[in-house]
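J.: pasting the sequence and the predicted model now:
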Amino acid sequence: MSVNEKAAQAAGAATGPSTVAAATPAPEGWEPKIIGFACNWCTYAGADLAGTSRIQYPPNIRVIRVPCSGRINPQFVVRAFQRGADGVLVAGCHPGDCHYSTGNYFARRRYLLATRFIEYLGVEPERLEVRWISGSEGQKFADTVRELTEKIRALGPQRRLRETL
Amino acid sequence: MLMTIAPDNLKNLLDKLARDRLLVAPSMEDGVTRLKPVHSAAEIAFDYSNTATSIKDFLFPQSEDLLRFVTDGTLSIEEIKPERAQVAFGLRPCDLASVALMDKVLLGGEFSDAHYQTRRNNTLLIGLACENPADTCFCTTYGYNPGWAGAADVMLYKDGDKYLAEALTDKGRELVGGPGEGLFKPADEAAGEAVKKAYAEKDVPFGKEVDVQGIDKILDGFFYDQYWDDISKKCIGCGTCTYVCPTCHCFLLTDEARGGQGLRFRCWDSCMFANYTKMASGANPRPTKKERVRQRFMHKLNYYPNRYGGSYLCTGCGRCVAMCPVGLHIAGVIKDVKGVKAHA
Amino acid sequence: MRRVGVFVCWCGSNIAGMVDIEQVKAAAAKMPNVVYVEDNKYTCSEPGQAAIQKAIKEQNLDRVVVAACSPRMHENTFRRTVSGAGLNAYLLEIANIREHCSWVHPDKAAGTKKAVDLVRRAVYKVAKNVPLQRASIDVTKKALVIGGGIAGIQAALDIADAGQPVVIVEKTPSIGGHMAQLDKTFPTLDCSACILTPKMVDAAQNQNITLMTWSEVEKVEGYIGNFTVTIRKKARHIDTTKCTGCGICWSKCPAKLPSEFDLGLGQRKAIYVPFPQAIPNKPVIDEKNCIYFKTGKCKACQIFCPAGAIAFDQKDELIEEKFGAIIVATGYEQWDPSPYGEYGYGRYKDVITGLEFERLVNASGPTEGKIKRPSDGKIPKDVVIIQCVGSRDEAKGIPYCSKTCCMYSAKHAILLDEKIHAHPYVFYMDVRTPGKGYEEFYKRATEEHHATYIRGRVSKVYQKGDKLVCLGEDTLLGKKVAVEADMVILASAMVHQPAASKLAQTLGISYDQNHFYTEAHAKLRPVETNTAGIFLAGACQGPKDIPETVAQASAAASKAIGLLSKAKLETEPLVAQVNEGICSGCLWCKPICPYKAIDGKVIKERIAGGKTIERTVASVNASLCQGCGACTVACRTGAMNVLGFTNEHILAEVDALCL
Amino acid sequence: MPESPLIPLVGTIDKITSETAASDIKTFQVSFDDPAVMDNFNYQSGQCAMLSMFGVGESMISITSTPTRKGVIEFCIKKTGRVTDAIHEAVAGQKLGIRGPYGNHFPLEMMKGKNLLFIGGGFALAPLRSLINNVLDNRKEYGRIDIVYGARSPGDLCFKYELFENWTKYENTGVHVTVDRGDDKWTGPVGFVPPYLESLNPSAKDSVAITCGPPIMIKMVLQSLSKLGFADDQVVTTLEMKMQCGVGKCGRCNVGGKYVCVDGPVFTLTQLKQLPPEF
Amino acid sequence: MSAIFTDHQAALRDEVRKLLTDGTIKGFIGYARGRDSYHPAPAIVTRPDQVDGLILDQFCIFGLTKYLLDYIFEDGKMGIVAKGCDSLALQRLITDHRVSRDKVHVIGLPCAGVINAEKVAQLGLGNVQKVTDKGASFLVEGDKGSRELAKTEYLWDKCLWCEHHNPAVADSKLGPEVENVAMKPRDYSDIEAMENLPPAEKAAYWTRQFSRCIRCYACRNVCPACNCRECVFDIADPRWVGNTVKLSEQQMFHFTRAWHVAGRCVDCGECERVCPMELPLMKLQHKLQKDIVKLFGNPKPFEPSEVEVLGQFRATEDPEEFM
């Protein structure tokens, strides 16, 4: 950051670099921070199964349990990015398998739109992953987390929407 | 003492200033010219009638960190001070006039606003007289004019292919003698005064249309008038007028905390917002647009002059005239109220 | 300031081996609101649970976090634990540091760091938890069964046997359904009527069963345990209290009409019982075709009725009744195969459907069981049976397999050979026989009864003399075949009842693209619908044969019995809740709810100026809501929330995990 | 000391007293952590201070203790919103932020030698309590003192220890308590404050009436006082407005040209009548 | 081509006067002269003596329907003048159950396009005296000059692709209906261009835009789809979007607002038009619109319908990308 940009921030003014900021290298020891939103009935159970099957995956994900993928407001995703998440996983039952019969269909519509929209705002699309992972897909859960972690490791820290106190 | 400075030298000076402090100047971006931090003189717009936002953004920013707290078991509070030096270039007379009005509120009275005071102290104000007042400008209504230097430390007047400059404060003189050394040349005093006079007498057509004389007294008895009901109906309750106004200064304090620590901010607020005076109990002494619209204009044209003596809380910058989405602005209100009074 | 206690479980070495318990404890102790931290070797064990209860009392805890295994494992266990100590069961959160952490992350340092984060998530969340109470609602101890076919009869009998009153609503004049039309049943070839009519009689005589035939469900309101159903009892024009079913009326009636029961192959009168074994054995007057209703003259039935039971001025009655459970058993219809122009159904009299064949072969049918050609009464010698007529043909709008046709075609083949020694030719796409004794039955048709099975579709049926030539291809041999047949039987698809979608809307249940009703879960809740308290039995849910229908009917009945046997229903408190103060009443949440739990309601409110206004807000029926939360995302202002998973909760969890 | 008047100082909640049966009103005794600040904290009856629950926000609360009893700072707080909810959740020993005192105060000079009539309703006895204890601590300087107080029910009465024990001990001092609805144990008067006040028929001569309460009660009390012969300048009341800064800058607590935070909260009825009715 | 709005001014005044006098309506929402001849302002009149202040001219762009929310709890009807685009906004309010159709008397104004006053005001024509419709252009005569202005260049963008020239909701109409054809097809090429930028450039673009935002909420307050009784941005607990103007909060604000309007936007463009900082807000809605069209096969997502696009789904036809 230039003196002026720093100063601009100090001034509290609503400013931002008007040119593309050069990619800043990830700080030493940085590990991707991934927030997962998982439906209770499928993906959370799938993650449990990965556990009971001792399928290892990177420890970068932290899962928030919700009743259904239909509960996952895209605003939660943006909030996670704001708070410093480097990646977000939104996951629920396969279409047709929703415990509440239709929740994931609504989720699908919402995220078909929201993923594109968040990308449009300049967030790398790889940072938001939406996946259907059933209760029997412990392996898929582990694979998804591994792939997501690696993709985000390659991208570096998410600074686009981040805000620190 | 009057001086002149060539445009190139002025740019050099600004570039030099940008190196060690925040340089704020009119800059055009996506079709909007506003005061914003710039990195160099190359980003500055020199040809503009007025900026979309005012100097208020930098002396009394829209959101400002006041303190940092840690609540991890115990409580500690650390005051955050706005210590960075800044220089604001290209301020129009209306903004330069607004600073004095803001000073009265924020620095006057029993308590002085330390954050504002610090920013005032740390900011060098460079004015630039108006060549072409916009058709929404009416500074002359209040006795200001296109050459009004107000709170400027240094005032510039475009004079043909150069700028006439006048350092008005110690800070201004330090600039001329310090970073500006060698860039300014002495001016012919008489010619300079003539330039200043020409600016001061420059025609501001809209200003002639708006006569504010005596409105404070008229409004003393105008609180209950039907007029407020009539005009407030079209207000959409946005904060545009208050946020672009160089003299509106309402704010709120708000906390944000995570993980045992946080910040307390001050953010602008707007008396046009429905929840502005809503209390925790749900009661709201200004429940409808009528009370809120009336409050805004009564404050600017009656409460403020009564409280702080004389001047109105408006400098005729015309931003609300140009930007209010529904054409509900102070110049219109002044004209209306005087018209209503005339009819009465 | 909350008083949160954190209990970190070792799970033996399952957690403690991979997560540094001391570090987790030390970190937890510094988290906001945490006043007490303890570790246990097995928190779920009795001593572990006792330790929680002791700490709640001694440390005056008002919230509990257990860092242990998955909440899917022991959430209920620990809820009971905390409520045993006098704390509300919902003031508990679980940090899953086993399945989601120690078991999957071999790096102890990273695992411990994650465990701390997971505990922090739970600590932040639990601070936002509020005490929640399970509500209880009364249950009306009566079931409604819609449809009086074998599914409805079986379900009603099971419920009645369990001692609960039940009402069967049947839209036709008699119960019995399609099964009453069948002759023999596969794979045992016992006579359909012989096994059905005793059940019909049982249903009629059972004290707990009320039959409402010639009646339809008009309106359904309410929710599980408390449905209010309006039933239209159509005017029968018979005083059923007087009628003895002697039959004089229909013998005297001069108006002859094609019989629906016999699929137009036989006749009935304008006053009629649909078939001899009908229950109730009381006729109805077909208003549209009754000469008296048409002309004002005749009254033959009234004149001859010895009981004086004819009541021309009877009107439809609307009856409102309360039910605790509803079983939908409305069955299916046989698809009209006319769209297959090439098969000539409707054009050639001797091209008939499978169900029509059932009537022809049935002893009480129009031919008294003699298999005769409808055109000339000749006994057919060669009969072609075409399978998959409609079924598995997306071009005809029926993508699914009707499941029963392979078996009943085999049955028809056997009957043709057995009864008239006709030679059956069966054109098929696949022969599907998954069922006990089914494959053997099919084998019997081919081996003992010499049915010729030809794999291929018939492309055209045309008349040649008094023969029907069926042109097709034997795809196994790869050559064209032409079979000269005396009769052609189309194994036509099973499709939804014409009014299936209308009834679904009345009931608030969902149906699929084929208008079969949708079960709550294809595998795990096959007889429930998404509307609590409404269950499915039989072919209204999808094509089924009799054994499967009966099994499902009993399953649905047992679900209903389970429901009705409860004095009160406990409702899960983790349901949606509306903040009426900020609800705009836009009701965009309403169409999203799979359970129809949301509706608008009008509230009164005082506004500035002292005026009282009325406005609409969303209202959640907690008995219907299952707590999925899909509605919350549709609510822009955040007025809709799910208890236990509120916006406040999730935002706090995000904050906690991102620190 | 912080430079900005908007920066609070750290204090501690020393003691919490629940006032009402429903515990929706509690009195918090607080102290500044810095003893020097504690010593120099000088305030007058009627003034307010801004209390901070960090992470939630600030709320302007009237000081209910009396400056005549040095070393004790008390706030009586009703649960009405996010900040007060958070304060109510606090436990003794918890830290908070305090800044102030702010605003004007009750006009003691004008009350000297006069008969004082205090009229309070519900939770609004809080600011009056500061003044009542203040004048009782200098009992000789004033004439007769009558305290008329009402709440919705016996359980809603605040400061019962003052009403029924402390204040009644003083000579020439009357405490008159009424409730809107009684209960099994209540033997005192039942009814709203304004008619009760009228039934007491206090003399307006040489008297000052000081009243605080919910807006609807104030409105009726003012009418009653007028009936009883009190002139506008014999009536003193306080106003409540939404406040943010407390120091006359943020611009939201004005009623006409007056800022309640610096020009108020105490106004005589004469002053009040000159203000537009936006409160 | 059709008559211009000014031709209906007298008829409008007559009708409003009649409606107010006979008690059909208790107030009327229309236009009056604003700060100059280019900027008509909304006006709400309640008395017949105010009616002569009402105007209609070819610059009357402001969508008035949102004002109806001020009167939902009052007795009696409000009158309003509505162009085709305004009637979509009205339908939005009705479909959202915020305004009851029977409490509004709509005077429909068939519209062949509104002149972009911001562009014309730059031309130095002075006080506008007269506007004449010349078919493909408008002749604008001011006291300092006149110009013939091609419609394709000087109408508001939304008017060029408008397919709702005639009000869909109206109790009476001013003048005959106009031909309902778009002057050019709706085109999302600017959105596509943006989509094709690398993430860092998109980020830079939006950072620049959002950091200009002053959070005045004019966009929200003018938007007919932003009609919540209590806006999420005004709710303190939970606070979805912070009060500060830090970039992150600005982005959260604009994401949230755009998202809340997704599939509900009637494409009136008022948010962008009233924005004092000239944020390209419709670029957000057009992106969402474009995707809705493509993903859910809903060709006109800006026409309010009984079921919101995000309040429904197609189990088998919706694209599946998350397997």
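T.: Perfect, I can see it now.
J.: only C-alpha atoms for contact and neighbour calcs from this point on.
T.: Will do.
J.: do you know the pLDDT at residue 19?
T.: You didn't say which chain, so I picked chain A. On pLDDT, residue A:19 comes in at 39.
J.: that was the other one, I meant chain B.
T.: pLDDT recorded at residue B:19 is 92.
J.: again, but for residue E:136
T.: pLDDT at residue E:136 comes out at 89.
J.: residue contacts, the residue in the stretch 151-300 of chain B that chain E sits nearest to?
T.: Residue of the stretch 151-300 of chain B nearest chain E, by CA to the nearest CA: residue B:239 (4.2 Å). Residues near residue B:239 by CA atoms under 8 Å, 6 or more residues apart in numbering or on different chains: B:270-273, E:215-218.
J.: quick one, phi psi at it?
T.: phi -110, psi 20 (degrees, to the nearest 10).
J.: is chain B contacted by the helix or strand that contains residue E:191?
T.: Taking DSSP states H and E as the criterion, the element that holds residue E:191 is helix E:189-195. No. Using CA under 8 Å from any CA of the partner chain, helix E:189-195 never reaches chain B; the gap is at least 15.1 Å.
J.: could you give the separation of that helix from the chain centroid?
T.: Centroid separation for helix E:189-195 versus its chain: 22 Å, with CA atoms, centre = their mean, to the nearest Å.
J.: show me what counts as buried in that helix.
T.: E:191, E:194-195 (16 or more other CA atoms under 10 Å in any protein chain shown).
J.: burial count for residue 148?
T.: In the absence of a named chain, chain A is used. For residue A:148, the count of nearby residues is 24 (other CA atoms under 10 Å in any protein chain shown).
J.: nope, chain D please
T.: Residue D:148 has 23 nearby residues by other CA under 10 Å.
J.: which SS class is the residue nearest to residue E:140 when sequence neighbours are not counted?
T.: Spatial nearest neighbour of residue E:140, chain neighbours left out: residue E:131 (4.6 Å); criterion: CA to CA, 6 or more residues apart in numbering or on different chains. Following DSSP: H, G, I helix; E, B strand; the rest coil, residue E:131 is assigned to strand.
J.: distance of residue E:131 relative to residue C:342?
T.: Per CA to CA, to the nearest Å, residue E:131 is found 69 Å from residue C:342.
J.: need the CA coordinates for stretch E:36-46. PDB is fine.
T.: Provided in PDB are the C-alpha atoms of stretch E:36-46 (Å, rounded to 0.1, in the frame of the first residue of the first chain):
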ATOM      1  CA  ASP E  36     -35.400  24.100 -13.700                       C
ATOM      2  CA  SER E  37     -37.300  23.100 -16.800                       C
ATOM      3  CA  TYR E  38     -35.300  19.900 -17.200                       C
ATOM      4  CA  HIS E  39     -36.000  18.500 -13.700                       C
ATOM      5  CA  PRO E  40     -39.700  18.100 -13.000                       C
ATOM      6  CA  ALA E  41     -40.100  17.100  -9.300                       C
ATOM      7  CA  PRO E  42     -42.700  14.800  -7.700                       C
ATOM      8  CA  ALA E  43     -45.600  16.600  -6.200                       C
ATOM      9  CA  ILE E  44     -48.400  15.300  -4.000                       C
ATOM     10  CA  VAL E  45     -51.500  17.500  -4.000                       C
ATOM     11  CA  THR E  46     -54.400  17.100  -1.700                       C
END
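J.: can you get me a residue count around residue D:277?
T.: Per other CA under 10 Å, the neighbour tally for residue D:277 reads 11.
J.: name the nearest residue to it, ignoring sequence neighbours.
T.: Closest to residue D:277 by CA to CA, 6+ apart is residue D:255, at 7.6 Å.
J.: hmm, back to that, need the pLDDT of the residue of the stretch 151-300 of chain B closest to chain E.
T.: 94.
J.: now residue A:5
T.: At residue A:5, pLDDT is 43.
J.: again with residue E:3
T.: pLDDT, residue E:3: 71.
J.: before we move on, what about residue C:520?
T.: Residue C:520 is given a pLDDT of 80.
J.: over to the one 3 residues further on?
T.: On pLDDT, residue C:523 comes in at 81.
J.: alright, calling it a day.
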